[in-house]
Every structure is written in C-alpha cells, then in structure tokens.
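# All I have is the shape, not the residue letters:
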C-alpha cells in the first residue's frame, strides 16, 4: 500500500468518523420520506382529503356499509336449509363437526332447524326469509353471497378482520383506506362517517372505523343521534362566527409554524380538522334537517314511527350524505348475537332494519344514485346450524359460525339479481365459490377504482395494505 493509498484510506475513515451523524440523518430522512414525512414539510394549507383519481375507472363513488353487529343467522335469513328438518333434535356425525370453530357449544350440540319460511323473490328467484318482506321487493337489485367465510370466531377479532383485514389492533379500516386512496368530494363534511343504532355497542368499538397508522384525517367520524352530530360543534354562547373564524385563523398560523419546524403529518391533519369543523358548523344542520324530505320519503324509511325510527333516520342520512359527496358511510346496528331465543330476537332486529334497508335501496335507485353508490349488508360471521341453550327456561339460539355466512352487495358496479356461492346441505361449510373477507375487501376497493395490491402505505419499514397478503376480486359479482 502506497502512502497515497494510505492517505485516501485515512481520509475516508476521517470522513466517516466526522460525518457519521450526517450520513445517519440522511438515511433517516430517506426512511421517513418513504412514509410520507419530510424535513421539508408539505404545504399545511393543502387539503389532505382533496379528490384524487383511482388506479382505474371507478363504478362507485361512495360506499354505504350496513354493518349488522353480532353475526346475523344466514340459516334463518338468506340460506335455506330444509335438510336441517331431518336432523332436528339430533347430533350431527363427528365427521361433519370435528373441524368446526365453536365459541360456546360443543360439536355434539343438537341441530336446530329453522322456523322460517323461504320463497323465491323477484324475477331472479333469490330465496329470502319471511322475516325480510321488504328486502324481498329488492331481490333483483342485490347480489347475495352465500359462501362468505372468515377465520375469527369471536366478535372483536372477527369485526376487526372484516373491517381492517387483520385481527390485530392498530390497522386502518376499509373506510380509512378508501378515503386515503380517493379523498372526498365534499369540503364541508367528513369523508368517512359512522352512524349507530340498536341495543349494543360494537365489540371492537372504534377499532371498526379507526385510521390505524394512517394520518388521523382518515379516521371515521361518529355522528350522534341527537343534539350536535359531533360534540362541541356549536359555538359557545356569546361566540360569533366571526370570532370563531379569527380564533381558528390564529391557531392555524401557529400550527403552520410548528409544521414547518418539525414536518409532522399529524399537525397538517389537525389544521384540516379545525377547518373542516368550522365548515361543518354551517353544513351539518342542513344535512340533519330531515323536515325538508317529503312525507312519503319519511314514511318509506319509517322515520316517524317505531321500531324503525333510529335506524331509518340513519339510512336516510346515509343517502343525504352520499348526495353531498361523503365517500364512506358506515351504519352499525346491534345486537344480532342471538345465543338464545333466536326467532324472537331475530324478528326484533329484522322489524327494525328490513324496511329502512329496502327504502335506502329504492331511494338511491329512483334518484339515480344506486349506480354510483355501493351498498354492503352483513355481519362479522354467521350462526351454527346446531342450537344453543344459554338458559334452560329460554328457547334455543345459535352459536358463532365463521365457516360460512351470507352477505349482500348492491349498486356501484355489482351485477344484481344473482346468488354467488353455495354451502353444504347443513349450512356448516362452503361447498362452492368460497369468498373470504379479504376477497370482499378487494372487491369493494375495485368498485371504487382502487387496486387493493397497489393501495399501500409505508409504515415501520413495510408496505401495508387492507387485504394483507391475500384477497382476490370477486369477478362474478361485477357488472
């Protein structure tokens, strides 16, 4: 080694010794930039929910998810199983039940035949339960999937898997992914809204509309059923709109200064949230004023009567929201967790939801909105064909059943008037054209013009997506 080589080697060592901090900072800056963070911050005034085109032409502009918490019984609503009559009161052979995932009953539990009557509906002839007379009039508008399946057999993980693609905490949900990918067409309302009704809160709670590791701009916004739709939306007494605007302007300038200093995406989200809340103070009262709707519309949804009032009002609000450019609306209704007295409890929830659900489909259709609005109905899993006795003095119910269950889609690029998939004669397992929850998620994103494999977000050194490492678009479901 010559003296010149030694001098160069020493120079390189000297460079690394003196500049290692700089090199590390450059590497860190690169990693942060991949996750959307930068030492040169984004313009704080840029709307993070501005409209963005998808990966390809979309059929749907908005999504309404009617999320029936607790697991509605497919056997009693959507998937007739006359063979259960022959087995009623008897245990099934071990060969049929040995691989079942059961939460509370044993595989030797006795079969419980359905007491429901099914009949073909519409020109398509889709068989639906007598508990769904109003939906029966919309049979030709829906695509019924009888072969859904999932891995999780308890409520919280199953709801998380359906909504976020994983049973783990902290992942973005489908509404957040949709708004992250496409933004929103409304500047005065949230992109992702949640409306709730029923007897029980969601087992997974706010995890069903969480933005996970995405910026909080994409979080679902729960609307209240009474008073201000969002807490503290109204100004305090004595605070005028001008005073509020001046106050927000001062806060915005301070946040922008802080944003320029540290480049945190959450500061940009906070700036936008303040601005959106200010605009909502004018837009939300008009949105929630149902008095502008005709008497016929209110009657169709069952808004002015019980037991349909709360759920019916939410369905009508969902229609009004998509009219105004809201990207994703989730209606949650519970509780369908019928471990006992299945006939009585199931009828109660169907009496609440059947009429407004059908009204929503008809209303969207007559306004020309169904073609651009994807409607999804379903729960996190189904119920077992075997009965469950929680208490001896009560009639039997059904346990959780992830192996097969039913959901339906309508509008927004979906081919209507068809049934996809089959289950075996007992309603135990998928027999044909199985549809995993990841397939459903991929299909919903596809209808919005998004490729589920390309819609990713860099987090902790890895590209995440809604469908994890699975999911295939349900081609049979598409127009």
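All right, it came through fine. Only a predicted model underlies this, so the values are computations on that prediction, with no experimental measurement involved.

# mind listing the helices in the stretch 151-300 of the chain by residue range?
155-164, 174-182, 241-262, 265-288, 295-301 (DSSP state H, counting those that start in this stretch).

# Let me know the average pLDDT across the second one.
Meaning helix 174-182. Per-residue pLDDT over helix 174-182 has a mean of 97.

# How far does that helix sit from its chain's centre?
10 Å (CA atoms, centre = their mean, to the nearest Å).

# I'd like to know which elements that helix is packed against.
strand 62-68, strand 192-198, strand 328-334, helix 437-447 (3 or more CB pairs under 8 Å, 6 or more residues apart in numbering; DSSP states H and E). Every residue, glycine included, has its C-beta placed from N, CA and C.

# I would like the residues contacting the second one, please.
Right, the one you point to is strand 192-198. 69, 175-176, 178-179, 202, 208-209, 218-223, 225, 310-311, 314, 317-318, 321, 326-335, 349, 352 (CB atoms under 8 Å, 6 or more residues apart in numbering).

# what residue ranges in the chain are flagged as low confidence?
Segments of the chain classed as low confidence (criterion: pLDDT under 70) are 1-46, 200-202, 226-229, 231-233, 261-263, 265, 272, 274, 278.

# Tell me if I'm right that residue 54 and residue 182 touch.
Yes - using CB atoms under 8 Å, residue 54 is in contact with residue 182, at 5.9 Å.

# So those two - more neighbours on which side?
residue 182 (24 against 18; other CB atoms under 10 Å).

# wait, that one sits on residue 55?
No - if you go by CB under 8 Å, residue 182 and residue 55 don't touch, sitting 10.1 Å apart.

# Narrow the contacts of strand 192-198 to just the buried residues.
69, 175-176, 178-179, 202, 208-209, 218-223, 310-311, 314, 317-318, 321, 326-335, 349, 352 (16 or more other CB atoms under 10 Å).

# Now for residue 99, how many residues are close by?
Neighbour number of residue 99 under other CB under 10 Å is 10.

# in what helix or strand does it lie?
Counting by DSSP states H and E, no helix or strand carries residue 99.

# how much space between it and residue 112?
20 Å (CB to CB, to the nearest Å).

# how about residue 401, what does it touch?
71, 100, 153, 381, 382, 383, 384, 385.

# pretty sure residue 335 is touching residue 70, no?
Yes - between residue 335 and residue 70 there is a contact at 4.6 Å, judged by CB under 8 Å.

# Pull the contacting residues for residue 308.
Contacts of residue 308 (CB under 8 Å, 6+ apart): 301, 302, 351, 352, 353, 355, 356.

# Now the two most distant members of these.
The distance between the two most remote of the contacts of residue 308 (CB to CB) is 14.2 Å, for 301 and 351.

# neighbour count winner among those two?
residue 301 (29 against 14).

# Could you report the neighbour count for the nearest residue to residue 434 once chain neighbours are set aside?
The shortest distance from residue 434 to any non-neighbouring residue, by CB to CB, 6 or more residues apart in numbering, is to residue 147 (5.0 Å). With neighbours defined by other CB under 10 Å, the count for residue 147 comes to 23.
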